[in-house]
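Colleague: My questions concern the predicted model and sequence given below.
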Amino acid sequence: MLLKGLDIVVNVINKINNVLLIAALAFMFILMMVQVFARFVFYFTLIWADDVTVFLLISSVFLGAGTAASLNRHIKLDFFININDNFNDNTLSVF
């Protein structure tokens, strides 16, 4: 019962994470298109657009890492496990 409730909470958090990730990437794209359009058509720049884009890029990296971790799709470094056949797999499975 408790695990089912915890699964529901984790699924809701993952959905919120995915929505925030998509919104950050979409807003970053739109902001850069407006910046390019304003610079080359109207000959002025939005001073804050680059800073906001950098902030959104950094936040999308962290949100994407959370999504990858929830789907168990992170890069796994299994070099030490593969070079030694009789190595205990559970030793490095935490990493």
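Modeller: Thanks, I have it.

Colleague: and the most centrally placed residue in the chain, what is it in contact with?
Modeller: Nearest to the mean C-alpha position of the chain, by C-alpha atoms, centre = their mean, lies G64 at 1.2 Å. Listed by C-beta atoms under 8 Å, 6 or more residues apart in numbering, the contact set of G64 reads L21. All C-beta atoms are positioned from the backbone trio N, CA, C, and that covers glycine.

Colleague: Please identify the helix or strand for it.
Modeller: Applying DSSP states H and E as the criterion places G64 in helix 49-70.

Colleague: any idea how far that helix is from the chain center?
Modeller: Taking C-alpha atoms, centre = their mean, to the nearest Å, one finds helix 49-70 lying 6 Å from the centre of the chain it belongs to.

Colleague: Could you do stretch 38-45 as well?
Modeller: Using C-alpha atoms, centre = their mean, the offset of stretch 38-45 from its chain centre is 31 Å.

Colleague: I would like the residues contacting that stretch, please.
Modeller: Q35, L46.

Colleague: The protein: helices as residue ranges?
Modeller: In the chain, the helices defined using DSSP state H lie at 2-37, 49-70, 79-83, 89-92.

Colleague: Who are the packing partners of the first one?
Modeller: Applying 3 or more C-beta pairs under 8 Å, 6 or more residues apart in numbering; DSSP states H and E, we find helix 2-37 packed against helix 49-70.
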